[in-house]
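> I need the structure of the sequence given here:
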Amino acid sequence: MLNEIITIYAIIDDLLRAIGHKEDCRRNMTDAEVITTVVAAAMFFNGNHTKACDYYVRP
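Numbers count the residues shown, from 1 in each chain. Model prediction:
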C-alpha cells in the first residue's frame, strides 16, 4: 500500500506542477499531499479520512 500511495503522490505532484498550480503561502501541507490523502482514503480506507490520516502519522 505504501508504494501505491507514494506513486499516487508523485503523479499528483507532477500534474499540479505541469498545469502551473500555485500553492498558498500559508499552507502547512502541499496540495498534492491533501489530494493524495483523499485518494488514499477512497482507495484503501473505504472513504474514511480519519483512518487515512492516522496511517500517515503512524510511527
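> quick one: low-confidence ranges for this structure?
59 (pLDDT under 70).
> Please enumerate the helices of it.
Assigned by DSSP state H, the helices in the chain fall at 2-18, 31-44, 49-57.
> residues making contact with the shortest one?
Taking C-beta atoms under 8 Å, 6 or more residues apart in numbering as the criterion, the residues outside helix 49-57 that touch it are 37, 38, 40, 41, 44, 45. (C-beta placed from N, C-alpha, C; glycine too.)
> Look up how far residue 26 lies from the closest residue to the first one other than its chain neighbours.
In this case it means residue 37. In space, and not counting its chain neighbours, residue 37 is closest to residue 52: 5.4 Å by C-beta to C-beta, 6 or more residues apart in numbering. For residue 52, the distance to residue 26 equals 23 Å [C-beta to C-beta, to the nearest Å].
> Quick one: residues contacting the spatially most central residue of the chain.
Geometric centre of the chain, nearest residue: residue 36, 1.9 Å, by C-alpha atoms, centre = their mean. Under the criterion of C-beta under 8 Å, 6+ apart, the neighbours of residue 36 are 5, 8, 9, 12.
> Test my guess that the second one contacts residue 41.
Think residue 8. No. At 11.3 Å, residue 8 does not count as touching residue 41 under the criterion of C-beta atoms under 8 Å.
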